[in-house]
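**Student:** Sequence first, then the predicted structure:
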Amino acid sequence: MMLNMGRTDRTVRLGAAVALLLLVVFVVDGVLAGVLGLVATVFAATAFVGTCPAYLPFGLSTRKADAVQS
């Protein structure tokens with residue numbers, strides 16, 4: 001699997017996931033909580049894996065050009 005997310009992208013996604021989970025736990029409920037929980041899970045998963053499937057069809061990458069691909 002080709003990594004296509006840089007360190008900043010991964011950090012922002014992980015921060016957004018934490019913020020969304022805090023909203024789910026303390027503020028919202030119902031269907032909105034489920035949707036936000038799902039989005040938070042996807043953000044966290046892509047941050048940990050280092051690959052965003054939505055970037056692949058467009059050939060996007062936020063990694064530095066000189067970074068070694070795995």
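**Tutor:** Perfect, I can see it now. Residues are numbered from 1 along each chain as shown.

**Student:** Residue 52 versus residue 28, what's the distance?
**Tutor:** 25 Å (CB to CB, to the nearest Å). (Glycine included, C-beta is placed from N, CA and C.)

**Student:** who's more crowded, those two?
**Tutor:** Ranked by neighbour count (other CB atoms under 10 Å), residue 28 and residue 52 place residue 52 first, with 20 against 15.

**Student:** can you tell me which helix or strand the nearest residue in space to that one that is not next to it in sequence belongs to?
**Tutor:** Nearest non-adjacent residue to residue 52, counting by CB to CB, 6 or more residues apart in numbering: residue 46, 5.0 Å away. Using DSSP states H and E, residue 46 sits in helix 31-49.

**Student:** Hmm, residue 12 and the residue nearest to residue 52 touching each other?
**Tutor:** No: using CB atoms under 8 Å, residue 46 is not in contact with residue 12, being 11.2 Å away.

**Student:** For the residue nearest the centre of the chain, give its distance to residue 49.
**Tutor:** What sits nearest the mean C-alpha location of the chain, by CA atoms, centre = their mean, is residue 43, with 2.6 Å. Distance from residue 43 to residue 49, counting by CB to CB: 11 Å.

**Student:** now swap in residue 15 and tell me
**Tutor:** 17 Å.

**Student:** re the thing from before, now do the same contact list for the residue nearest to residue 52.
**Tutor:** Neighbouring residues of residue 46 by CB atoms under 8 Å, 6 or more residues apart in numbering: 5, 13, 52-53.

**Student:** Now the buried members of these.
**Tutor:** Buried by 16 or more other CB atoms under 10 Å: 5, 13, 52, out of the contacts of residue 46.

**Student:** What about these, which are in strands?
**Tutor:** If you go by DSSP state E, the buried ones among the contacts of residue 46 have nothing in strands.

**Student:** Now render those residues as CSV, adding pLDDT.
**Tutor:** Formatted as CSV, the buried ones among the contacts of residue 46 follow (pLDDT from 0 to 100):
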residue, pLDDT
5, 94
13, 97
52, 93
